[in-house]
Structure formats: C-alpha cells, structure tokens
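Student: Pasting the sequence and the predicted model now:
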Amino acid sequence: MKKELHIFFTSLMFYTRIPCPKNINHHPDYLNKATRYFPLIGWIVGSIYFLGFYLSSLFLSVETAVIIALIVSVLTTGAFHEDGFADVCDGFGGGWTKEKILLIMKDSAIGAYGAIGLVLLFLLKFKLLSESVLLFKGNDPVALFQIYLLFISAHALSRLAAISIIFTHEYSREDASSKSKPIAKNHTWKEIAGSFFFGLIPLLVFSYFQYKFLFALIPVFIMRYFLARYFQKWIDGYTGDCLGATQQVCEVVYYLSILFIWKFI
C-alpha cells in the first residue's frame, strides 16, 4: 500500500502542479509504473476544473465560468498537455522528416503553428463546454452531478486514450532527452488494467443517466487510432508531446461527441 501511494504521488507530481509529500521524486522505476494512475489524475484535474466552474457560475455567466474553469485547469497541470499539443503543431506543421520534426518539437520556443493551434483549441473547448453544460439545466444536485461527471469523464477518458499509445507503440527518440522516456520503458498488466479501470469508470457512471453517452468511446478511440497511426508514419512511434496532443484532441472530440449524441441520437 505504501508503495502504491508513492507511485500515485509520483504520477500526481509529474502530471500536475499539485503539492506532494517531500519524499516523492521522479524516480524512473516509480514513474514507469505511474502510468496506471494517469486517468485517475484526470479525476482530480476534472474535479478541480468543475469546482472552478461551479463556484464561478454562482455569480457569473456560464461562458465566463467556463473561461475561469479553463484557467484553473491550465494552472493545475501547468499547461503540461497544452504544451505538448503546441509542440506537435509546430513539429508536424514545420518538419518534413523524422529528424526535423523531433528537433522542432524539442525546441522550447513556440512557433506560428503552435500558437494558432492553441488559439483554435481553446476556442473549441470554450464553445463546446459552454454548450455541453447547458444540456443539464437546473441547479438541482442531479444536474450538477451530471456536469461534474462530464468534466471528470472527459479528463479521464482522454488520458486513457493518450496513455494507451504507450501500450501499442514504440517510443520514437533514440536518446533519453524527453521527459516521457522513463514512462516508455516497459509496462505490465497492472499499468494496462489500472489505466482502463480509472479511464472508463467515470463514463460508465455518466452513462447511468444516459446510456447513449457510451457511444462517445467510439469517436474518441477512432481519433486516438488515427493520431497514433499518423505519429507512427512520420516519426516511427510517439513522444511525450504526442501523448499530450492526443489527450487534448481526444478531450475536445469527447465534448463534441456528447453534444452530437444528445442532439442526434
């Protein structure tokens, strides 16, 4: 139990800015095993996300509350995944060989592709979230709980989609220069089982209120498949930035899927 707590806090420290016990560090052994808790981190980030939205919505408009929730989310993770998304936009937008793409993604400076990508990403999140929360009208506990489940299921499922690439593809860089290298070495059934358990539970609970929401799994994992295939084609695998980009894109696809399911199915 003590070891599992250490692994969990290692995951929490690596993927967020939330303070952890002082004895926790980025030891490669624990970091590799921490992938099992990556979707669980989505529960925590999604909960903080929802809290920011709910408290703001008590005295502000839904749109303004969504913006504040987005800010809270970025502060919680330190824009960890958004940074990966921007690097992927720059790398794949400006590079035409594996070496060039990897070199651009390693550059800490943000380019035009990355800047444009982030603007469009946040616009999409703002619009889709603003519309999604309005699906659950009212301030009764059931409606608020469904909004809460929307937030944590989006963060948990998108992290599952991202981390599952580790289980099926090889790490692209040949050196240990990337921050994701320790989590790319190996994995056991515990990492796979833990990831899927924590990644799917929020959606399963969400589907209790509307079973059709389960269909959101399909577009999310279709997007995950094509992103992984695209990365494989160009850089022979994935990097940490690719995982971050996958998480962000799949989160947006999830919100879009929920809206589509609600209106057309």
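Tutor: Perfect, thanks for sending it. Numbering: from 1, shown residues only.

Student: Just the C-alphas of the helix-or-strand element of the chain with minimal mean pLDDT, formatted as PDB.
Tutor: When the helices and strands of the chain are compared on mean pLDDT, DSSP states H and E, helix 28-33 comes out lowest with a mean of 79. In PDB, the C-alpha atoms belonging to helix 28-33 read as follows (Å, rounded to 0.1, in the frame of the first residue of the first chain):
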ATOM      1  CA  PRO A  28      12.300   6.200 -13.200                       C
ATOM      2  CA  ASP A  29      11.100   3.000 -11.500                       C
ATOM      3  CA  TYR A  30       8.000   4.700 -10.000                       C
ATOM      4  CA  LEU A  31       7.400   6.900 -12.900                       C
ATOM      5  CA  ASN A  32       7.200   4.000 -15.300                       C
ATOM      6  CA  LYS A  33       4.500   2.400 -13.000                       C
END
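
Student: what comes up buried for that helix?
Tutor: In terms of neighbour count (16 or more other Cβ atoms under 10 Å), helix 28-33 has its buried residues at Tyr30, Leu31, Asn32, Lys33. For the C-beta atoms, the positions are set from N, CA and C on the backbone; glycine is no exception.

Student: Phe196 versus the second one, what's the distance?
Tutor: Same thing as Leu31. Separation of Leu31 from Phe196 (Cβ to Cβ, to the nearest Å): 20 Å.

Student: Repeat that for the third one.
Tutor: With distances taken as Cβ to Cβ, Asn32 is found 18 Å from Phe196.

Student: do the same with Ala245
Tutor: 21 Å.

Student: which stretches of the stretch 101-250 of the chain have low pLDDT?
Tutor: 174-186 (pLDDT under 70).

Student: Which parts of it are strands?
Tutor: For the stretch 101-250 of the chain, applying DSSP state E, counting those that start in this stretch gives no strands.

Student: At which residues are the helices of it located?
Tutor: Along the stretch 101-250 of the chain, counting by DSSP state H, counting those that start in this stretch, helices occupy 112-133, 141-168, 189-206, 217-235, 240-264.

Student: Tabulate those (JSON lines), appending distance to Leu60.
Tutor: JSON lines is the format used below for the helices of the stretch 101-250 of the chain (distance: least, Cβ to Cβ, whole Å):
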{"stretch": "helix 112-133", "distance to Leu60": "12"}
{"stretch": "helix 141-168", "distance to Leu60": "15"}
{"stretch": "helix 189-206", "distance to Leu60": "25"}
{"stretch": "helix 217-235", "distance to Leu60": "30"}
{"stretch": "helix 240-264", "distance to Leu60": "20"}
